[in-house]
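Asks: A predicted structure for the sequence below; I have some questions about it.
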Amino acid sequence: MAAARSFYETYFGFRKKFDHGDGVFLEDRKGFLLAIDPVESPPAFPDWYHLGFCMDDAVAVKSLYARMKQDGIPIAREIKAEEGEFASFYVLDPGGNKLEVSWHRE
C-alpha cells in the first residue's frame, strides 16, 4: 500500500483524497480518482491489459521516462516516439500493474 501510494504521488502527482477501510483514494490534479486496496493475491490479467496515463505533451512523456529509468522503476517497454505524432512507454507499478504513459497528437 505504502509503495503504491508513494509511486502514484511521486510520478503522477496524485494526492490522498480520503481513506476507505484499509485502502485509500488518491486524486490527481484533473480530479481522477484512483483507489488502492490491499489484496492477498492480485488477480491475473491478460498480457495486453494495462492502464493508461495520457500526458500533456511528448516532452512530459520523455521526461517522466528518463526520471523513472534513473530511479530504477521497472520499464515494461522502452520509449517509442515519432516527432509531432506520439510518445509512449510502459512501466510497472509496485504491484506489478502495467501502465502506459503516452501522448498522442490526435
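Replies: Yep, it's here. This is a predicted model, so every value here is computed, not measured.
Asks: per-domain residue ranges of this structure.
Replies: 1-38, 49-106 (automatic domain parsing).
Asks: mind checking the end-to-end distance for the longest one?
Replies: Translated: domain 49-106. Its first and final residues considered, domain 49-106 spans 22 Å by C-alpha to C-alpha, to the nearest Å.
Asks: one step back: would you turn the domains of the chain into JSON lines with mean pLDDT?
Replies: Output for those, formatted as JSON lines (pLDDT from 0 to 100):
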{"stretch": "domain 1-38", "mean pLDDT": "94"}
{"stretch": "domain 49-106", "mean pLDDT": "96"}
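Asks: could you dump those domains to a markdown table with mean neighbour count?
Replies: Yep, even glycine has a C-beta here, placed from its N, CA and C like the rest. Shown next, in a markdown table, are the domains of the chain (neighbours: other C-beta atoms under 10 Å):
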| stretch | mean neighbour count |
| --- | --- |
| domain 1-38 | 14 |
| domain 49-106 | 15 |
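Asks: helices along this structure, start to end?
Replies: Per DSSP state H, the chain carries helices over the ranges 2-12, 58-70.
Asks: of these, which is nearest residue 39?
Replies: The closest of the helices of the chain to residue 39 is helix 2-12. By C-beta to C-beta, the value is 11.0 Å.
Asks: kind regards, and thank you for your time.
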